[in-house]
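predicted model follows, preceded by the sequence.
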Amino acid sequence: AALKEKGWQVHAGDLMASSYALQVARVQLDAHPRYPTSLLPAAARNGKREIGYHALLEGLAELDDPGGDGSGDLRDGEEPDGGFISEHYSSDETAGRAHGRMYFSPENGRKIDAVRTRIERWTGGTSHSEAAAQLLIATLIEAADRVANTTGVYASFVKTMQPNALRPLELRPIEPTPRREGAGACSAFRGPAARLLESVGPVDLVYLDPPYNGRQYPAYYHIPELLALGWAVPPEIRGKTGLIPDEALRSDWCRKHRAPDALREVLEAADGRHIMFSYNDEGHLDRAAIEEALRERGLPDTYAFHDRPYRRYRSDADGPRRSYLRDDVREHLHYVRCA
């Protein structure tokens, strides 16, 4: 988004559906789209055919019933039905209670279900704009994250409800980055980086920011991923944290024996005048190996390296099963010019 603000034509990509939704919202879109009133029957009853993004979010905020007839209204004293999130990821329903999963309060679990179900009905039953749908999904992912009962990632949940998790779900608008006059259209892509690079062709700059250690992202962000993918076909979830099937999302960068091949593959596909590679000093690939690969790919004498210390983000404290060796991590930026 920062490069788009400066007038660049940006093509962004990721394996994860949740990341793709956020990239569509902040990189691909230039402005808020309009939506059909089928998403909000109350607006349709007023004779409108379309509704704006902000007005739609206000209407979706009133939804309570993920299993209702589409109106989102409940009779006085009637309890809303549960849905996939409230069933499996809050302690209020059978599956969540059996595993003690306390990712969301019961109220927020039902609200998330209601909004995601409404999006699914729209995208599954009628023609729709893919970008407009991804903007709504991104909005829901960010809203759910603000009330998630976690310490930053979804590999675990807190065993007592934190203050943020007790606040009501709030659908805050995401503001797309406007395109500068004369700039080319930006795009978002879901899939392997090498495939994206091959599809966009020659570019000025290739910026690569891969995973660096053995922590596969799907296990740490499985709930945002579930919100992005939906549950029209309910996935088989497993374990105490309710992981979803993720083999297709597992990255070779997170496997020490495959990371060198992943680097070679992406550099072979990178048709850019400049290549920048972001990594750090705790990755599977050592600095010398990355430098050698970049010098081979580009003009050797143009290779440059920069690093900077950052205070380590800790989602939990030291304990019997984990002890951090130091409080900082050095972020690395490798550069080479290719033409």
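That came through fine. Numbers count the residues shown, from 1 in each chain.

what sits against Pro36?
Pro36 makes contact with Arg49, Glu50, Ile51, Trp122, Thr126, His128, according to C-beta atoms under 8 Å, 6 or more residues apart in numbering. The way it works is simple: take the backbone N, C-alpha and C, and place the C-beta from them, glycine included.

tell me what it is bridged to.
With DSSP bridges as the criterion, Pro36 is bridged to Glu50.

do the same with Val203
Gly272.

do you know the pLDDT at it?
Note on Val203: pLDDT of 96.

tell me how many other residues crowd it.
For Val203, the neighbour count with other C-beta atoms under 10 Å is 17.

still on that earlier bit, out of the contacts of Pro36, grab the one that's most surrounded.
That'd be Ile51 among these, by other C-beta under 10 Å, with 22 neighbours.

quick check: it touching Pro41?
No: using C-beta atoms under 8 Å, Ile51 is not in contact with Pro41; the gap is 10.9 Å.

ok so, going back, need the contacts of Pro36 in JSON lines (columns: distance to His88 and pLDDT).
Below are the contacts of Pro36 laid out as JSON lines (distance: C-beta to C-beta, whole Å; pLDDT from 0 to 100):
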{"residue": "Arg49", "distance to His88": "36", "pLDDT": "84"}
{"residue": "Glu50", "distance to His88": "35", "pLDDT": "90"}
{"residue": "Ile51", "distance to His88": "31", "pLDDT": "91"}
{"residue": "Trp122", "distance to His88": "23", "pLDDT": "88"}
{"residue": "Thr126", "distance to His88": "28", "pLDDT": "68"}
{"residue": "His128", "distance to His88": "27", "pLDDT": "82"}
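
could I get those in TSV, plus columns for distance to Leu136?
Below are those laid out as TSV (distance: C-beta to C-beta, whole Å):
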residue	distance to Leu136
Arg49	18
Glu50	14
Ile51	12
Trp122	9
Thr126	14
His128	10
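
go through those residues and say which is closest to Gly182.
Checking these against Gly182 with C-beta to C-beta, the nearest one is Glu50 at 29.0 Å.

from memory the closest one sits against Leu40, does it?
No: contact criterion C-beta under 8 Å: Glu50 and Leu40 do not qualify, at 10.5 Å.
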